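Visitor: here you go, sequence then predicted model.
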Amino acid sequence: MKLLIVAALLAIIVSLGQALFAMSSGQGNSARMVRALTLRIGLSVALFAILMLCWYFGLIDPHGVS
């Protein structure tokens, strides 16, 4: 489970980096930037949903702040 979470976070960071590169290259790659940001949003929502489902089914336990 931890490996899946780390892989999703890395994919989100890579997608954000691709959008940054497309934006900073200045060659009018707005479609590429939009595609990368859309992928990042989709991955973030999917990661949140997976975390909530894993918590609901008891696969992960949240740590309380004491």
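Guide: Structure received. Numbering: from 1, shown residues only.

Visitor: and for Ala46, the neighbour number?
Guide: Counted by other C-beta atoms under 10 Å, the residues lying close to Ala46 total 13. C-beta coordinates here come from the backbone N, C-alpha and C atoms, glycine included.

Visitor: can you start the count at 17 instead of 1 from here on
Guide: I'll keep to 17 as the first residue from here, and by that count the last item is Ala62.

Visitor: could you measure it against Ile29, distance?
Guide: When C-beta to C-beta, to the nearest Å is the yardstick, Ala62 and Ile29 sit 15 Å from each other.

Visitor: for the chain, what spans make up the helices?
Guide: When assigned using DSSP state H, the helices of the chain occupy the ranges 18-41, 46-72.

Visitor: and the last one, how far from the chain's centre?
Guide: Its chain's average C-alpha position is 5 Å from that of helix 46-72, according to C-alpha atoms, centre = their mean, to the nearest Å.

Visitor: now do the first one
Guide: Mean-position distance between helix 18-41 and its chain equals 7 Å (C-alpha atoms, centre = their mean).

Visitor: what stretches of this structure score poorly on pLDDT?
Guide: Low-confidence segments of the chain (pLDDT under 70): 44, 81-82.

Visitor: what residues are up against the residue nearest to Ile28 when sequence neighbours are not counted?
Guide: Spatially, and ignoring its direct neighbours in sequence, Ile28 is nearest to Leu59 (4.9 Å; C-beta to C-beta, 6 or more residues apart in numbering). Listed by C-beta atoms under 8 Å, 6 or more residues apart in numbering, the contact partners of Leu59 are 24, 27-28, 31.

Visitor: tell me the one of those nearest Met68?
Guide: Within the contacts of Leu59, proximity to Met68 (C-beta to C-beta) peaks at Ala24, which comes in at 13.5 Å.

Visitor: what's the neighbour count on that closest one?
Guide: By the other C-beta under 10 Å criterion, the neighbourhood of Ala24 contains 17 residues.

Visitor: contacting residues around it?
Guide: Residues touching Ala24, when contacts are defined by C-beta under 8 Å, 6+ apart, comprise 59, 62-63, 66.

Visitor: many thanks, I have nothing further to ask.
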